[in-house]
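1. any chance you can model this:
(4 chains)
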Protein chains: 2
Amino acid sequence: MLKQSPVFERKAPSSYHHGNLQEALLNAGLELLERRGCAELALREVAREVGVSPAAVYRHYTSKEALLTAMAIEGFKRLTAVQIEPVSNAVVTPVRFADMGRAYVRFAVRNPALFRLMFSDQIDSSRDAALMFAIEPLTANIEDAVARLAGPRFSSAMRRKAALRAWSLVHGLSMLLIDGQLRIAHSEVDRMIEAVVDPNHALAI
Amino acid sequence: MLKQSPVFERKAPSSYHHGNLQEALLNAGLELLERRGCAELALREVAREVGVSPAAVYRHYTSKEALLTAMAIEGFKRLTAVQIEPVSNAVVTPVRFADMGRAYVRFAVRNPALFRLMFSDQIDSSRDAALMFAIEPLTANIEDAVARLAGPRFSSAMRRKAALRAWSLVHGLSMLLIDGQLRIAHSEVDRMIEAVVDPNHALAI
DNA sequence: TCATTGATGCGTACATTGTTCACATGTTCC
DNA sequence: GGAACATGTGAACAATGTACGCATCAATGA
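-> Prediction:
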């Protein structure tokens, strides 16, 4: 019998074993997350989506929180990827540094529920080593970019401060945007990101 | 018979009616929120805390979301109060403007669960008029302070941009701090707030 | 004074959720 | 082919949000 391809999330009706349930649950969870929102995501519904009993989930994740954690880890991987892209294999200029921030905000706006989950209290970053490991590059990339942009004239304390300012700015803008606090049209979101995340203040100290 | 004072949250054992259940539920909810966290707050537990049946809650709030919304509104009132304090009855200086931001972040750090609820997707600000009304001063205060600080040399577009930058910065720092993303000791939180929210960049445009 | 009425609380019930446990079904390897 | 193991199922449990009809109380007005 042919091995089931991972792209099919639903098992064939007659097959008892799924084939790649762990990954299927993760993908179904990520998809359902954006449809239902962060608060209404039900473990049972994820199982239903994949076509499997609720208890089967526990063979691959020890709890609902564990599944959410895996989803958040995937989110951090994706965010890290889009974040670092503007400065990979390139000199860090103020414009490219701002591009990093804009990519961060765009990721949040395009994946609001996932972004919210990643920074929610439903997952405990100090508890799960893999999660902590996935978060770490996010900070490291910012600090590294600051270092490459500022050069040796910045002390390590100045770098950390500039990085934290930059992170706070883009993170706050992301949150306010996906909360709908800023009453702006969808079409204006990009312009607002351009305006707020500005190369002129890249290294404000 | 004496009317029950609102300060007593639990009804006297023999009395059928509570006296001020609406406010008691709100207070109990706010207290439980910080103990249990934003995700684990149960309507039934709030009712238990007040000494009343779960169904009684529905005489005063149409749903759990309605209670959470009321709690969030109270949160916005308190946040607005501490936020505006540094510039009420005083000329707006860069230092006082920064103090506004610091008060914002301190509120978040001292009431992490409430702050998270206020900006969560569990309440829909575009749905509830009272909630929208409670949020509005938060933005207005920042923009007003920017206007008083910058004077007439700032266009209205520049004011909005500066206000949004300032809000994003303090909001992002607040979120990162209560998420525990910044691995810093409790004792260093205040120093970090001082460093990041800095009068020198009050009006960065 | 006392029945009426509206507001407010209760008990019960239901569907849904996260989780557990014993059991069923495949797969792998000797 | 059978033993050992991984992986899925079904039934069950407690807890949750919510709806319903009924109980209790306070105020009102004849």
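2. tell me the domain boundaries of chain A?
-> Domain ranges of chain A: A:1-61, A:64-201, per automatic domain parsing.
3. okay if I get those domains as a markdown table plus distance to residue B:170, mean pLDDT and mean neighbour count?
-> (C-beta placed from N, C-alpha, C; glycine too.) As requested, these are arranged in a markdown table below (distance: least, Cβ to Cβ, whole Å; pLDDT from 0 to 100; neighbours: other Cβ atoms under 10 Å in any protein chain shown):
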| stretch | distance to residue B:170 | mean pLDDT | mean neighbour count |
| --- | --- | --- | --- |
| domain A:1-61 | 23 | 81 | 15 |
| domain A:64-201 | 7 | 95 | 18 |
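4. and chain A, which residues reach DNA strand D?
-> For chain A, the contact set with DNA strand D under Cβ under 7 Å from any atom of the strand comprises A:16, A:17, A:18, A:19, A:21, A:52, A:53, A:54, A:55, A:56, A:59, A:60.
5. check contacts around the last one.
-> When the contact criterion is Cβ atoms under 8 Å, 6 or more residues apart in numbering or on different chains, the partners of residue A:60 are A:21, A:22, A:25.
6. among those residues, which are in helices?
-> A:21, A:22, A:25 (DSSP state H).
7. OK, contacts around the first one?
-> With contact taken as Cβ under 8 Å, 6+ apart, residue A:21 is in contact with A:50, A:52, A:56, A:59, A:60.
8. for residue A:182, same thing?
-> Under the criterion of Cβ under 8 Å, 6+ apart, the neighbours of residue A:182 are A:176, A:192, B:164.
9. so which of the residues you listed belong to helices?
-> By the criterion of DSSP H, membership of the contacts of residue A:182 in helices covers A:176, A:192, B:164.
10. which residues touch the second one?
-> In this case it means residue A:192. For residue A:192, the contacting residues are A:173, A:177, A:182, A:184, B:164, by Cβ under 8 Å, 6+ apart.
11. can you name the residues that contact residue A:197?
-> With contacts defined as Cβ under 8 Å, 6+ apart, the neighbours of residue A:197 are A:98, A:101, A:102, A:105, A:169, A:170, A:173.
12. for DNA strand D, state which of those residues is nearest.
-> Nearest to DNA strand D among those, counting by Cβ to the nearest atom of the strand, is residue A:173 at 31.6 Å.
13. what's the closest non-adjacent residue to that closest one?
-> Spatial nearest neighbour of residue A:173, chain neighbours left out: residue B:168 (4.1 Å); criterion: Cβ to Cβ, 6 or more residues apart in numbering or on different chains.
14. where does the one you found fall, secondary structure wise?
-> Taking DSSP states H and E as the criterion, residue B:168 maps to helix B:156-179.
15. off-centre distance for that helix?
-> 15 Å (Cα atoms, centre = their mean, to the nearest Å).
16. quote the end-to-end distance of stretch A:182-198.
-> Length of stretch A:182-198, first residue to last, Cα to Cα, to the nearest Å: 18 Å.
17. contacting DNA strand C as well, which ones from the contacts of residue A:192?
-> Applying Cβ under 7 Å from any atom of the strand to these, one finds that nothing falls near DNA strand C.
18. so of the contacts of residue A:21, which ones are in strands?
-> Within the contacts of residue A:21, membership in strands is found for no residue, as judged by DSSP state E.
19. tabulate the CA atom coordinates of the helix or strand where residue A:29 lies in PDB.
-> Element membership for residue A:29 (DSSP H and E) is helix A:21-36. This file holds the C-alpha atoms of helix A:21-36, laid out as PDB (Å, rounded to 0.1, in the frame of the first residue of the first chain):
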ATOM      1  CA  LEU A  21      -0.900  13.100  12.000                       C
ATOM      2  CA  GLN A  22       1.500  15.300  14.000                       C
ATOM      3  CA  GLU A  23       2.200  17.600  11.000                       C
ATOM      4  CA  ALA A  24      -1.400  17.400   9.900                       C
ATOM      5  CA  LEU A  25      -2.700  18.600  13.300                       C
ATOM      6  CA  LEU A  26      -0.200  21.500  13.200                       C
ATOM      7  CA  ASN A  27      -1.300  22.600   9.800                       C
ATOM      8  CA  ALA A  28      -5.000  22.200  10.500                       C
ATOM      9  CA  GLY A  29      -4.400  24.100  13.700                       C
ATOM     10  CA  LEU A  30      -2.700  27.000  12.000                       C
ATOM     11  CA  GLU A  31      -5.500  27.200   9.400                       C
ATOM     12  CA  LEU A  32      -8.300  27.000  11.900                       C
ATOM     13  CA  LEU A  33      -6.500  29.600  14.100                       C
ATOM     14  CA  GLU A  34      -7.000  32.400  11.600                       C
ATOM     15  CA  ARG A  35     -10.600  31.300  10.900                       C
ATOM     16  CA  ARG A  36     -11.800  31.000  14.500                       C
END
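20. is DNA strand C contacted by it?
-> No. Counting by Cβ under 7 Å from any atom of the strand, DNA strand C has no neighbours in helix A:21-36; the shortest distance is 9.2 Å.
21. wait, what's in contact with the residue positioned nearest the centre of chain A?
-> Compute the mean C-alpha point of chain A, and by Cα atoms, centre = their mean the closest residue is residue A:75, 3.3 Å away. If you count contacts by Cβ under 8 Å, 6+ apart, residue A:75 has them with A:30, A:111, A:114, A:115, A:117, A:118.
22. alright, I will stop here.
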